[in-house]
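> sequence first, then the predicted structure, then my questions.
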Amino acid sequence: DAGITQSPRYKITETGRQVTLMCHQTWSHSYMFWYRQDLGHGLRLIYYSAAADITDKGEVSDGYVVSRSKTENFPLTLESATRSQTSVYFCASMSDPRAQAFFGQGTRLTVV
Amino acid sequence: KQEVTQIPAALSVPEGENLVLNCSFTDSAIYNLQWFRQDPGKGLTSLLLIQSSQREQTSGRLNASLDKSSGRSTLYIAASQPGDSATYLCAPIRGGTYKYIFGTGTRLKVLA
C-alpha cells in the first residue's frame, strides 16, 4: 500500500530495554522526521533526515538514535527506555520543503 | 528559536457557525506554513499548505491566510459541521531548514 506506515502501533516495554520503532514510506521522499507528542508539549522534533545517510538532531534527541541506510526507512531506537519516553511517536515524510508533509498513524509507546 | 502559539486552545461552537483559528509565530523568515488536522488517536492530515510568497490558500470550506511580516496565520472554516471536530495544528517551516515547528493546537468541537 502506498503511504507512510509505522510499526508497531502499540508497544509496552520495561525501563532499561532497547526498543525500535519502525517507519516506512513508499514515495521515496527525501525528508523524514520523528516527532513525539505529549500533553502540554504538543509535537516536538526528535530527529530528522534530508536523505539516506544524512540525519540530524531535533530539540529532544537525548536517549534516541536513528539510522537511514535506505531512503524509504527511518527507524527510531530508544537505547535504554525511560518512563519519560512514554509518548505517542509520529513519523513524517515530505519530498521537498515546499511540499506537503505526510504523517504516519503513530506508535503509542508505554514504558513501565 | 521559533515559537508557535495557537489561540484559542479550545473552542466549542454550534453547527453552521463560521469560525477563525489563529496561529502566531515569532520568526517571520518562514519558507511555508502548513495547517494540519488531527483526530483523536490518529495521525496528522495536511489541510492546507501556504508558501511564503502566497497570501492565502483555499480548499473547500477552508481558507488559510498568511501574513509573514506580522507572524500570523489564520484558518477560516465556513459553515462548520460536526465532522470538523478535531484538533487543528499550524506548523511553519523556517527558510534554510526543513523542520516544521508545531503549535500546541486548537481543539475544536462542533455541536450538532
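All right, it came through fine. Numbers count the residues shown, from 1 in each chain, chains lettered A, B, ... in the order given.
> so the most centrally placed residue in chain A is in which element?
For chain A, the residue nearest the mean C-alpha position is A:W34 (3.2 Å; C-alpha atoms, centre = their mean). A:W34 is part of strand A:31-38 when elements are defined by DSSP states H and E.
> and that strand, C-alpha only, in PDB?
Taking only C-alpha atoms (Å, rounded to 0.1, in the frame of the first residue of the first chain), the coordinates of strand A:31-38 have been written out as PDB:
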ATOM      1  CA  TYR A  31      12.900  14.100   4.000                       C
ATOM      2  CA  MET A  32      11.800  12.100   7.000                       C
ATOM      3  CA  PHE A  33      11.100  13.100  10.600                       C
ATOM      4  CA  TRP A  34      10.400  11.700  14.000                       C
ATOM      5  CA  TYR A  35       8.200  13.600  16.400                       C
ATOM      6  CA  ARG A  36       6.800  12.800  19.800                       C
ATOM      7  CA  GLN A  37       3.500  14.200  21.100                       C
ATOM      8  CA  ASP A  38       2.800  14.700  24.800                       C
END
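> any residue of it up close to chain B?
Yes - part of strand A:31-38 sits near chain B under the criterion C-beta under 8 Å from any C-beta of the partner chain, namely A:Y31, A:F33, A:Y35. (C-beta placed from N, C-alpha, C; glycine too.)
> over to stretch A:81-98?
Yes - with C-beta under 8 Å from any C-beta as the criterion, chain B is reached by stretch A:81-98 at A:F90, A:A92, A:M94, A:P97, A:R98.
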